[in-house]
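Peer 1: Dropping a prediction and its sequence here:
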Amino acid sequence: MATAVAAVISALAFFLLAAAWSILSSYYLTPRRIRLAMEKQGVRGPKPRFLVGNLPDIAALITKSTSADMPAIDHNIVGRLLPHYQLWSKLYGKRFVFWYGSEPRLCLTDTELIKEFLSSKYVQISGKSWLQLQGSKHFIGQGLLMANGNKWLHQRHVVAPAFMGEKLKNHMGYMVECTKKTISALSAAVAVAGGNKEVEIGEYLTRLTGDIISRTEFDSSYEKGKQIFHFLTRLQSLTAQSSRHLWIPAGRFFPSKFRREIKSLKKQVEKLLMEIIDSRRDSKEIGRSSSYGKGLLGMLLAETYKKEAFSYTLELVMDECKTFFFAGHETSALLLTWTVMLLATNPEWQEKARSEVQQICGYQPPTADQLPKLTLLQMIINESLRLYPPATLLPRMAFEDMKLGDLNIPKGLSIWIPVLAIHHDEEIWGRDAHSFNPDRFAARSFAMTRHFLPFASGPRNCVGQAYAMMEAKVILAMLLTSFSFTISENYRHAPVNVLTLKPKHGVLVYLKPLRN
Ligand code: HEM
């Protein structure tokens, strides 16, 4: 008996010691090693507090800068959304280290170094950090956005073809069909109001991009896909709220009032996904269908049957479906919403874009061959992505020591790329950096430069970039030939950064039908 008790006590002591060592190493020794390594190279930053780092400073600065709406429609939004970047870059230079809890982050704005860091040379030894993985565990899990190393490489290789070439062109039919429905809904709303109606356009565009991605993923099971996405939207918001304390030691074990709802939503989503998956398998097995479906889900299901070293499990298929919904729907809706706001406040550009669309497409929805000819529209979209990039930041962690230009980056340091600040930098874009001037993209090559990062760059850039551009052009072209839009006097300009860059109160515009 005494030996058994002694064994339990020593196991417990061992466990406690291991836990204490892990906490000491993660929350003190490693951060200290990284801080000293960076200080040696002259890279400094605000003084961190024990455990919380600079989080209280960041929270206080953002709370202050976003406490009120902006007094006018001003595109100079860096100080509002990244006040900590603005303050610390003035004090310590454009390279500085700050602390997200006990995670050190190197702010990097040198676009030459960023290009190198995002290149294929470093793609396998950098990626998503533990904090990011934990935060999205119950939401998008191990899908492409959160995968690292070889797993990422394999997953990317499997899904990328669904968003290229002929497959991409096949999605265009869905885009046109869904946009027609949205235009009918908007026309009906306007008709009720007697021809000039104020609408919050963001709501319509979010539903529209949700419908389109649902078709792209699930083709014939689209209605069920929409149900899934309804649950996922709630799941996304709950997981974001419940992961706020992850930076605290053992924070993931804290009781969360959302835990039960998260579990139940996750179950509901997975049940619906399994129903679609089972019906696809049945159809294929009884010979009613020759494949598992044309959409992304069909492609992924086919992968589960491959006998290769890496094959998709059903869990990973589900994570991938959730990832593509998350990554491919809100970002696109935001691009469209901000573009409508910019066109509604710049009527001369709205008219120019409309003339171009009418000249090239008449009053018909654009065809795939016509899209590259919509060059003014492309310039407008680029300028919108520059001023209001839906993804304002790119965080990546170094998994190994690496040499980046003149910098030695120690393993465990997160690189924080403030895309919004780079897009508004007067040294890069000139003195009108905060103005809406699509002409700056007239020289096509500017969009290709290392200074323009709305979709990141390198091999781990946005896999849906061509899809997003095609979708934006189709929807904007169809909206422009259906309505003219002016900004409502009730619109309040209040960009906020909650994972993505959003208009806090939506975008209120008056729509006027151009045809009966
Ligand atoms: C205007 C719309 C969009 C913007 C601004 C955008 C932006 C981005 C950015 C900045 C990244 C890199 C994120 C990071 O590594 O931290 C990314 C990755 C990704 N995007 Fe997009 N995206 C858009 C639309 C889409 C669409 C339509 C899809 C899918 C159909 C999509 C799917 C993805 C996926 C799966 C990744 C992860 C890629 C990887 O890690 O290999 N995105 N996107």
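Peer 2: Received, thanks.
Peer 1: Does residue 296 touch residue 214 like I think?
Peer 2: No - using C-beta atoms under 8 Å, residue 296 is not in contact with residue 214; the gap is 10.6 Å. Bear in mind the C-beta positions are built from the backbone N, C-alpha and C, glycine included.
Peer 1: Distance of the closest residue to the ligand within the stretch 401-516 of the chain relative to residue 15?
Peer 2: Ranked by C-beta to the nearest ligand atom, the top residue of the stretch 401-516 of the chain for proximity to the ligand is residue 464, at 2.2 Å. Per C-beta to C-beta, to the nearest Å, residue 464 is found 45 Å from residue 15.
Peer 1: do residue 177 as well
Peer 2: Relative to residue 15, and taking C-beta to C-beta, residue 177 is found at 58 Å.
Peer 1: List the buried residues for stretch 158-165?
Peer 2: 158, 159, 162, 163 (16 or more other C-beta atoms under 10 Å).
Peer 1: do the same with stretch 278-290
Peer 2: Those would be 280, 283, 284, 289, for stretch 278-290 by 16+ other C-beta under 10 Å.
Peer 1: In helices, which of these fall?
Peer 2: Using DSSP state H, the subset of the buried residues of stretch 278-290 located in helices is 280, 283, 284.
Peer 1: And those residues, which is closest to residue 326?
Peer 2: Checking these against residue 326 by C-beta to C-beta gives residue 280 as the nearest, at 21.8 Å.
Peer 1: pretty sure the closest one is in contact with residue 293, am I right?
Peer 2: Yes - the pair residue 280 and residue 293 qualifies as a contact (C-beta under 8 Å) at a distance of 5.5 Å.
Peer 1: Would stretch 501-516 count as contacting the ligand?
Peer 2: No - using C-beta under 6 Å from any ligand atom, stretch 501-516 never reaches the ligand; the gap is at least 9.4 Å.
Peer 1: what about the nearest residue to residue 227 once chain neighbours are set aside, distance to the ligand?
Peer 2: Nearest non-adjacent residue to residue 227, counting by C-beta to C-beta, 6 or more residues apart in numbering: residue 272, 6.0 Å away. Distance of residue 272 to the ligand, given as C-beta to the nearest ligand atom, to the nearest Å: 20 Å.
Peer 1: so is residue 272 in a helix, a strand, or just coil?
Peer 2: Under DSSP: H, G, I helix; E, B strand; the rest coil, residue 272 falls in the helix class.
Peer 1: neighbours around it, how many?
Peer 2: By other C-beta atoms under 10 Å, the residues close to residue 272 number 19.
Peer 1: Residue 91 now?
Peer 2: Number of residues near residue 91 (other C-beta under 10 Å) recorded here: 11.
Peer 1: check contacts around it.
Peer 2: When contacts are counted by C-beta atoms under 8 Å, 6 or more residues apart in numbering, residue 91 touches residue 46.
Peer 1: With residue 353 instead?
Peer 2: For residue 353, the contacting residues are 343, 376, 377, 380, 476, 480, by C-beta under 8 Å, 6+ apart.
Peer 1: right, and the secondary structure at it would be what?
Peer 2: Going by three-state DSSP: residue 353 is helix.
Peer 1: and the gap between it and residue 508?
Peer 2: For residue 353, the distance to residue 508 - C-beta to C-beta - is 20 Å.
Peer 1: Name the spans of the stretch 1-150 of the chain whose pLDDT lies under the cut-off.
Peer 2: Within the stretch 1-150 of the chain, the segments meeting pLDDT under 70 span 1, 21-26.
Peer 1: Repeat the analysis, applying 50 as the threshold.
Peer 2: Along the stretch 1-150 of the chain, no part satisfies pLDDT under 50.
Peer 1: Can you name the residues of it sitting close to the ligand?
Peer 2: Counting by C-beta under 6 Å from any ligand atom, the stretch 1-150 of the chain sits next to the ligand at 144, 145.
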